[in-house]
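1. Whatever this is, show me its structure:
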Amino acid sequence: MHRIRWAAVFAVLALVFAACGGGEEAAPEEATTAPPATEAAAAATEATEVAVTPTQSMDLTFHMVTHSDDGVFWSVVKKGAQDAADALGVEMVWSPSSNDPEKQVQDMQAAVASASDGIGVSLANPEALGSEVQAAIAAGIPVITLNSGSNQFKELGAVTHVGQTEIVAGEGAGEFFNGLGAGKVLCAQQEQGNIGLEERCQGLAATFNGEVVTQFIGLDSEPETQINTIAAALQADSAIDGVLGVGPNVAVRAVEAGNQAGRDLSIGGFDISNDLIAAIEAGDVNFTVDQQQYLQGYLTIVFLFLNATNLNTVGGGLPVLTGPGFVTTDNVGQVKALVDQGTR
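-> I've put the predicted structure just below:
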């Protein structure tokens, strides 16, 4: 199958070079015997079909075992993974766990039992998942961590990590709050036990010139709880003049919490949603840290495919970074168009 695929690629390249002509004039004999345009077009169409079909029939299955839910962030990761699988002609099995480590462990075990060709796994809870990653690798299955696990992937033996370094991302947020003139920032977390979210708050504290208060304010599935908890924190401490939501929904809900508490806040977020983009456009949220999660899904599948078919490894022992970047009022219009397409 690989021979057919590469032969098809070479056939397409031959057509390209023939069309370019290599910068030389054709001999008169070649010009008089050239096939009609319709025949050349038919040959090109046939070669293109040969190039596409074998790739679409490759018998490879990759598993994405994540702590994901069906929210605005993970839906983009899933789309990236599925788009890559469709482009490469492989199967992608998406296994969400909604932040349940036990479910994620079971999904890892199921992927190993099915003799997966490669596993992408998010390590929001490395203590629970570390031994499962090592078991998969021991079974001869390549593993790439994504989203969470940038500090654990190497010691576990994963090929690489695809995502952002959360502490560095938090440091960038701290510097942004310095520029806004904030004095005390509430780092509001929507999950408990997620090491990535904790690292975001640690990074914030490392560079922010003022004081940082870290608090779990409720799950994303409980919007009223999040709003009320943030409002209560603001009312209890009048010195808080900034809120960093370490997820896209928290930042938006901090706006309503500030309104309830009658406070003028500097607000930052992480990641992207339609609501958060609208809040930045309106000037209610100052910025969000963008880790470009579409790439986390897309690149993980591509890297697993290259490892399975060509023994390629990437990263050189370092993570492949997809962020951080920042979305502000300066570029929010451009990003909004991509959000509408489901890729940001």
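
2. Please, where are all the helices along this structure?
-> Taking DSSP state H as the test, the helices found in the chain are 2-20, 28-33, 37-56, 72-88, 101-113, 126-138, 153-156, 166-180, 195-207, 223-236, 248-261, 274-281, 293-310, 332-340.

3. burial of L338, as a residue count?
-> Counted with other Cβ atoms under 10 Å, residues neighbouring L338 total 15. No exception for glycine: its C-beta is placed from N, CA and C like everyone else's.

4. Equivalent analysis for G342, please.
-> The burial count for G342: 14, using other Cβ under 10 Å.

5. Would you check how far apart it and P101 are?
-> Separation of G342 from P101 (Cβ to Cβ, to the nearest Å): 28 Å.

6. Ok, P126 next?
-> Relative to P101, and taking Cβ to Cβ, P126 is found at 10 Å.

7. Between those two, tell me which one has more neighbours.
-> Ranked by neighbour count (other Cβ under 10 Å), P126 and P101 place P126 first, with 19 against 16.

8. contacting residues around that one?
-> Residues near P126 by Cβ atoms under 8 Å, 6 or more residues apart in numbering: S148, G149, Q152, L156, I195.

9. top of the residues you listed by neighbour count?
-> Tallying neighbours with other Cβ under 10 Å puts G149 at the head of the contacts of P126, with 28 neighbours.

10. and the residue lying closest to it once chain neighbours are set aside, how many neighbours?
-> Nearest non-adjacent residue to G149, counting by Cβ to Cβ, 6 or more residues apart in numbering: L123, 3.1 Å away. Neighbourhood size, L123 [other Cβ under 10 Å]: 29.

11. number of nearby residues for G317?
-> 8.

12. Make sure it is actually in contact with E155.
-> No - between G317 and E155 there is no contact under Cβ atoms under 8 Å: 10.9 Å.

13. picking up where we left off before, now the contacts of P126 in JSON lines, with pLDDT and distance to M64?
-> Below are these laid out as JSON lines (pLDDT from 0 to 100; distance: Cβ to Cβ, whole Å):
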{"residue": "S148", "pLDDT": "92", "distance to M64": "13"}
{"residue": "G149", "pLDDT": "93", "distance to M64": "13"}
{"residue": "Q152", "pLDDT": "95", "distance to M64": "18"}
{"residue": "L156", "pLDDT": "98", "distance to M64": "17"}
{"residue": "I195", "pLDDT": "87", "distance to M64": "19"}
